[in-house]
Every structure is written in structure tokens, then in C-alpha cells.
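Colleague: Provided below for reference: sequence and predicted model.
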Amino acid sequence: MPLPQPFAKPVKLMPDKTISVNYLARVEGEGSLTIRFSDDGRPCEAQLAIFEPPRFFEAFLRGRSQLELPDITARICGICPVAYQMSSSQAIEAIVGSEVTGMLRELRRLLYYGEWIESHVLHIFMLHAPDFLGYPDALALAKDHPALVKRALRLKKIGNAIMILLGGREIHPINPRVGGFWQVPTKGELQKLLPDLHWGLAAMQESLSLLAELPYPNFERDYEFVSLRHPTEYPLLGERIVSSQGLDLALTEWDEFFVEEQVERSNALHSLIKGRGSYLVGPLSRFNLNFNRLAPAAQEAARLVGLSVPCRNPFKSLLVRAVETVQALAEAIAIVERYEPPAEPQLTVSARAGTGAGCTEAPRGILYHHYAVDDAGIIQEAKIVPPTAQNLRTMEADLLELAPQLAELPHHEAVRRAEQAIRNFDPCISCATHLLQLRFER
Amino acid sequence: MGKKLGPKIAVWKFASCDGCQLSLLDCEDELLSLAAVIRIAYFPEATSAELAPPYDISLVEGSITTAHDSARIQQVRESSQLLVAMGACATAGGIQALRNFSHVEEFAAKVYAHPEYLEHRSIDLAHSPPALRAAGDPLCGQDRLSGAPGILNRATAIAEHVPVDYELRGCPINKRQLLEVLNALLNGRRPEIPTHSLCLECKLQGVSCVMVSHGIPCLGPVTQAGCGALCPAYQRGCYGCFGPSESPNTAALSEALLQIGWQRADVMRAFRSFNAAAAAFRQAGEAYAR
Ligand code: SF4
Ligand code: SF4
């Protein structure tokens, strides 16, 4: 087998050649990309191969207690554990009929926004911006732009500070549970976050013009955008799933509209809309479908960076992440300011046989969980559809569309551009491969 | 540049959630000063730049779950002066070691409509990191599991495959402990990582015992310290994410857990989580599986 040569001298690609990128750098998890060209030189296939070892979560969740789900499913992804904790808790709460409302729900949103801030800032400044500016990583960027990277690190730390206070730690928080939290903070504890949150909001607003000036490639595609929708809030914890082509469904109706396909040479499933095919989840979709639900500061940020609805350029997802970071900081401030400790840190969670679904907006898009439990609260069946599995087919389509341009570039430049296009999706490839569709039968 | 070059550090991922290596990026206050004294030689999730082996320190995350990875860890060992296993996956197999108590063929056949597709990824040399690719095909076809090619029956700790110089416990690791290990190794001293139980940590932190005062089930008495007694500080029992402490009395604790209302299955599940395959927890889990 010929060895791929990611560091070979620049070569002009000839028909019948393939571009291979192995070990996609700065992507959470591991995957590789191959673009194939046919004899007449036209790109005919773009294939993202996921070669992370499967970890079989849905298999070993059988027999576990419903109360263990937030802790266990968090371990699917170290960069968005809160998303897994929220979607799994929501599913169980739907089954047992305990709805988390009021200040407990506000605390969940605050914790989740902490994860958004950490994840978005990491991605914008440390993973994606180096692509646009031609650096291999944030440390190299820091040599030329120390103030920028230092500001980014401090912003990232603010997201982590929220997770540490509300969750106990930034990775795999221990405090969230089905029904709420083990312990809730006092008003004073929460208000200690305020100075940093205000600094963060200002720092993020100051960074906007710089981010708006990055060289965004001219590239648009006509995606079907899919996100959650809430009657009044920018989507985070529910409640319906909507799309730019008219989908509007309850979480329990998932299987009627979506289907997963296993693809050869990959350990990940591709999630598709039945009868239509690929779709897009994540910042671009949330923004396009929920612009009027953004906080005023975030709408203002969007105007400042020149974003308008609909934005169809995936490279500009970087800007949408910046707008969403403003949203997260502004909302975090609002939640902290109106916070009153709830009477109880958690609702009582009984056990009741049944099935239920949870779906929340992870930083990179909707994360769907579905469980069947017995009357002792033991899991009988689990299905988890992570955001990256939903975007994989769309990623490949973007890459196929970019392929003619890539073919014109020197090899190393083509590799860089392809990686940049993949990073538009902020893929957590770990998630996409650990979670494959599985039916549990007893 | 007449400056002395810093030691080369590589970060490797096996079957894992990326949480432990992200702990490194979560060292926001230390990252830039750390980067000034070391050279990041291989860390695909943070940089596309890389330096050729050998490496002074390899940080290894994840457990070994495929034939390909069992060969790859040998190469990582050969190319590294010091090897540090990071986290429950690397030190005990992690949550994915729950397969060890079941049949992975059944897992795989149900997970994949086409288990045969898995074969590609386990034997494709292209999937070796470029720095090691030159060493040739690491797969000799050994260790194959019938039914799911390339996928091993058991998820195992790094130390079951190669000698490990230091182990950092936790799911995830505590980033303070990671910095302590790096600091110690860079200064040629032994890292100070306590191996006693969480109970002592609760006492040091002034956290009152959740089991004694509130009857909350807690694995703290048999779990290694290191997290700062996080769960008890939040009014919940420890669920053992730092794995067994030195000489843990799991039998006595299990009895106590039954006395405050747990069923045998609850005890089994408690030991069978993120460190299920660590010897002491495995035995305790087995004792209550029947
Ligand atoms: S030990 Fe836990 S946090 Fe670390 S990689 Fe494994 S699952 Fe993730
Ligand atoms: S108290 Fe136990 S479960 Fe909680 S973080 Fe510490 S070691 Fe992990």
C-alpha cells in the first residue's frame, strides 16, 4: 500500500490522484479524510474515515441505573460532558415525569453556557483562528500575538470557572444529576463570578472586529439547518426540533424523521433526514433559525461582524461562535443577577417503566438521547446521536464541493485548507465514533 | 538560536474521551510558561506541527482496545524516554473496560450493522501517526478477536502492555497532579502523588463524612485521593473515579454500603464504573455480581 505523504513537497495534483489527510490535527478525536478524483479529473468522492476504536457505550449502558447516566455518558466526550449530562438527565426526567423548572433550570443553563464559553473560545482562538492566520497552533500564534492568546486563555478560564463552581470541575462535572444538582450555590458564591463575566463580555466584544477581519473564503452551500427551538430562549435545553425546510417535531418523534446509516471504512454513523439526506447542526443552524431569540448584546455583535440571516458560509461559523460567546456571557450575567437559591437542590426522581428522549444544544449542535427503562429504573435500551454524527455527511459534501479548489493548491496548502473546512464543524470525532445505533434486546 | 532546546513532550491518544489531554489545555495560567520550557513534539489535538522521535516524555491517554493499538503502544514506548499514563482509561482500562465482563462480539454485532467494516481501520497502516509510520506495519495479525476483526476482547491499561514510569489516576486526571509530574520530571525529582484514600483528603479539607453524617453511600474509603474530595464537598458520595487506594478494604466497605440500604447490584455497579478493571475494584465487583 502506498504511504500517504502529508508532508511531501508541494505537488500539483493530477487526475486520479487522491488527497489524504491523516490524523486530522486539532480535531477532538481521530479521523482521516480522502478525496478521490476520477479519470477525467473531476472529484467524485470525499470520505471522512473515523478510525477511533469504538467504546460501545450504548451496549454497556444496558443494566445500569438511570441515575448513573449523567456520569457515564459524560465520558463519551471530554470536551462537551455537560451536553451529555443534560440530554441524558432530560430523557430520564421525561420518563419519570419530573420537570426541572425555575431556578434549577436556570442553573443548568448557566452551567451549559459555561461549557459553551470554554468550548467556543478554545475552538475560535486556539484551534480555528490559527488556520485562518497560517499558524500550526495557538502557541505559535502566541509568539506573534501574545495579547490575543492571553485574552483567549482568560476568556476560556471564565467558562471553566462557571463549570468548576456549578459542576465541581471543568471536565466531567460531579455536581449535576438527574433532577437537578447535588448542591446548589448560594447567591454570594454565584455573584463572585460577576466581575470576570463582565470583563469577559467586554473582552469578547473587543475581539469581534479582529475576528471579522480574518480572511473568510468565499464559499456557500444551501444547507438544511436543524436546531432546537424554544418559545422565547435562544436554544439550549429544548424544546422542539425545527429545520429551515419546515421540520417541526417533538423529541419523541425523532425516529419518524431521522435515520442513521453505517458507512464502510468508518466507525461512525451518518445521521440523515429521511427522504432528504444530509443536514447541518451547530452554530450556523442555531443562529439562522433563532436570531430573534438572541440577547440584544448578541444581536448587536452579529451586526458588528456583518452577519445576517441566513448565513450559508460554513467558514463564518467562527463568527457565529463569537456571537454565541457574547450570548453565553450576557445570559450568564443575567442568570447570576436574578438568581435566588431554589428551596431544594434536586427534584425527587422515582422509577417508572417507559421510554423517553432528551435533546439539548451541545456547542457543536444538537445531541439526542433516547432510553427505555424498566420499573426499577434500569436501562433496557439506549440510543445516542451526537452532533458530529449528524454533520459528517455534510462535511463530506462541503469537501467534495471544495475539491476542485483544493486540487489547484500545492499539496500542503490543500491539506491545510481541507482541515480548516473540517474544523468549521468543530467536530468531536470521539463522540461520533463511540456512538453507533444500537437496539438492545433481552 | 543559541538557546537550549527544551525537552520534547508527546501526547498520545488511545481509546478515550480526550478529557485527560484537554486537562493540559485547561491549564490556562500555566500553558504559555510551560510552552516556553518544553517543546510540544506531538499533540494532534492541539497542533498540526510535529517533531520526529525520540521523545523525552510521552503522556499517554486511553486504553488499549484494538490489535493495532497494542502494536502502536509498543512503538510509543520505544520512542519515549519516560512514559506517563494519564487517567482511568490509561491506568485501568476506563469505562470501556466494561466490555471485559461481557462478550465483545455481542457488543460489536449489535452496534454495527456491518462489523466487517471495522477491519479497515484496524489494519490500515495509514492510521499510524506519521512520526511512527516509518517503522513499518506494526500489525502482525495477532490478537485478533473472532467476529469483530481488530477489536480486542478486553480494554486494558497501558501498563499491561509496556513498562510505565508514572501513573496519574482520575477520570479525568487532576491538572494540578499533571503539572506536578511534569514539574518533577523536568527538574529530575520524583513526583509527589499520594496513594492514600480519599478519607484523609476529606479530613484535610474539613469536609464532614457524608456516609457517617448523612448516610450517603460513598466509595471514598477505598478510593485514591487526588481530586480534593470533590464529591463529598458537594454532598454526594465518591463514585471512585480515581480508582482503588493503597490496600483498600473493599469487603468492609461493601458490607457497610449494604447496611445503609444498598442492594448487591448497587454495590456491583459502583465498583464497575470508570476503574472497573483495576484489580481491587474488579474483585469487589465480581464478589457482588453473583
Ligand atoms: S480517564 Fe476519563 S477523562 Fe480521561 S480520557 Fe478516560 S474517560 Fe476521559
Ligand atoms: S470524590 Fe471520588 S468520584 Fe468524586 S471526583 Fe473525587 S475520586 Fe472522583
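Modeller: Yes, it's here. Ligands and ions are numbered 1, 2, ... in the order given.

Colleague: For stretch A:40-52, what does the pLDDT average out to?
Modeller: For stretch A:40-52, mean pLDDT is 75.

Colleague: again, but for stretch A:101-118
Modeller: On average, stretch A:101-118 scores 98.

Colleague: could I have it exported to PDB, CA atoms only?
Modeller: Taking C-alpha atoms only, stretch A:101-118 is exported to PDB below (Å, rounded to 0.1, in the frame of the first residue of the first chain):
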ATOM      1  CA  THR A 101     -38.100  24.300  36.100                       C
ATOM      2  CA  GLY A 102     -37.400  27.700  37.700                       C
ATOM      3  CA  MET A 103     -34.000  28.400  39.300                       C
ATOM      4  CA  LEU A 104     -32.800  24.800  39.000                       C
ATOM      5  CA  ARG A 105     -33.300  25.100  35.200                       C
ATOM      6  CA  GLU A 106     -31.600  28.500  35.200                       C
ATOM      7  CA  LEU A 107     -28.600  26.900  37.000                       C
ATOM      8  CA  ARG A 108     -28.500  24.200  34.300                       C
ATOM      9  CA  ARG A 109     -28.500  26.900  31.600                       C
ATOM     10  CA  LEU A 110     -25.700  28.700  33.400                       C
ATOM     11  CA  LEU A 111     -23.600  25.500  33.600                       C
ATOM     12  CA  TYR A 112     -24.200  24.800  30.000                       C
ATOM     13  CA  TYR A 113     -23.300  28.300  28.900                       C
ATOM     14  CA  GLY A 114     -20.100  27.800  30.900                       C
ATOM     15  CA  GLU A 115     -19.400  24.800  28.600                       C
ATOM     16  CA  TRP A 116     -20.200  26.900  25.500                       C
ATOM     17  CA  ILE A 117     -17.800  29.600  26.600                       C
ATOM     18  CA  GLU A 118     -15.000  27.200  27.200                       C
END
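
Colleague: buried ones in that stretch?
Modeller: A:103-104, A:106-118 (16 or more other CB atoms under 10 Å in any protein chain shown). For every residue, glycine as well, the C-beta is placed using N, CA and C.

Colleague: Could you do stretch B:180-192 as well?
Modeller: B:V181, B:L182, B:L185, B:L186, B:P191.

Colleague: quick one: the second one and B:A35 touch, right?
Modeller: No - in this structure B:L182 lies outside contact range of B:A35 using CB atoms under 8 Å: 11.6 Å.

Colleague: does the residue of the stretch 151-300 of chain A found nearest ligand 2 count as helix, strand or coil?
Modeller: For the stretch 151-300 of chain A, the residue closest to ligand 2 is A:I174, as judged by CB to the nearest ligand atom, at 5.0 Å. Look at A:I174: counting by DSSP: H, G, I helix; E, B strand; the rest coil, its state is coil.

Colleague: can you count the residues close to the residue nearest to it when sequence neighbours are not counted?
Modeller: By the measure of CB to CB, 6 or more residues apart in numbering or on different chains, the closest residue to A:I174 outside its immediate chain neighbours is A:G168, 4.2 Å from it. Number of residues near A:G168 (other CB atoms under 10 Å in any protein chain shown) recorded here: 22.

Colleague: A:G168: what's it in contact with?
Modeller: A:I174, A:N175, B:L230, B:C231, B:A233, B:Y234 (CB atoms under 8 Å, 6 or more residues apart in numbering or on different chains).

Colleague: same check, this time on B:T65
Modeller: Contacts of B:T65 (CB under 8 Å, 6+ apart): A:P53, A:R55, B:F14, B:A15, B:Q96, B:I151, B:L152, B:A155, B:T156.

Colleague: what do you get for A:S271?
Modeller: A:F258, A:V259, A:E260, A:V385, A:A389, A:Q390, A:L392, A:R393.

Colleague: again, but for A:F425
Modeller: The contact partners of A:F425, by CB under 8 Å, 6+ apart, come to A:G282, A:P314, A:S317, A:R364, A:T388, A:N391, A:T394, A:M395.

Colleague: Can you report how many residues neighbour the first one?
Modeller: I take that to be A:G282. Neighbour number of A:G282 under other CB under 10 Å is 30.

Colleague: next one: the last one
Modeller: Applying the criterion other CB under 10 Å, we find 24 residues in the vicinity of A:M395.

Colleague: Could you do the third one as well?
Modeller: By the measure other CB under 10 Å, the count of residues near A:S317 is 25.
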